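> Sharing a sequence plus its predicted fold:
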Amino acid sequence: MNRIKNEDGFALVTSLMLTLISLTIVMALLYMMTQSIHVSGMNKRYKTAVEATYGGAEIYAKDILPFIMRNYSSSTSTLSSNLQTAFGTGVQLNSSESCMRSKLTKSTANWPAGCSNTPNPKQNYDMSFTMAAVKGSPFVVYSKIVDTVKGNSDTSGLQLEGSGVAESSTVLTPQSIPYIYRMELQGERQNNPMAQANIEVLYAY
């Protein structure tokens, strides 16, 4: 048996294998970097949407909802124009007068048939308002009351228990909470609905 001693081309095969391994490592690194940039961008868009939605919840709970409670007996068109006068044209009231009044003053079981209590805040929403962004298009926040529970008092503001001027009382007066609302909010970019965030708020009025 004769042994083949010709080793021509061995160096070429070795260099090609090393080149293939190097290219595989480089491609894997490029893929990891691309995916990292993609995930980082998605995370940034989500955090921006979350912050915008939290800001919308603050405005809705602390400014808009108390304004509606003071004016809920008005017609929808008047209330809508009053909201736009107070908060700008970006505020749009979508619910009817009877539905809004019922959501604010009645338990969920006593709402009219047309009032929506589905958890999707964008489906048959009560109100939407636009929030300007420092960069890019503004955010639109959709809000909806999905559950109302009557609290321990009404909205009259009368204190039923307490003490007079010259007497002291041992009666403990609880904090007045007329209504408790569960609200769903969704904030999204005006030109990119994929950049969105949903939050749920429990609000005691």
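Thanks, I have the structure now. Numbers count the residues shown, from 1 in each chain.
> Centre of the chain to the helix or strand of the chain with the lowest mean pLDDT, how far?
Lowest mean confidence among the helices and strands of the chain (mean pLDDT, DSSP states H and E): helix 76-87, at a mean of 73. Helix 76-87 sits 23 Å away from the centroid of its parent chain (CA atoms, centre = their mean, to the nearest Å).
> Give me the packing partners of the helix or strand following it, helices and strands only.
Downstream of helix 76-87, the first helix or strand assigned by DSSP states H and E is strand 91-93. Judged by 3 or more CB pairs under 8 Å, 6 or more residues apart in numbering; DSSP states H and E, the packing partners of strand 91-93 are helix 76-87, strand 127-131. Glycine gets a C-beta too; all of them are placed from N, C-alpha and C.
> who does strand 91-93 pair up with?
strand 127-131 (antiparallel) (DSSP bridges).
> Taking helix 76-87 as reference, get the angle to the strand it pairs with.
20 degrees (axes from the mean of the first three to the mean of the last three CA atoms, to 10 degrees).
> Averaged pLDDT, the following helix or strand past strand 127-131. What do you get?
Under the assignment DSSP H and E, the closest C-terminal helix or strand after strand 127-131 is strand 139-150. For strand 139-150, mean pLDDT rounds to 89.
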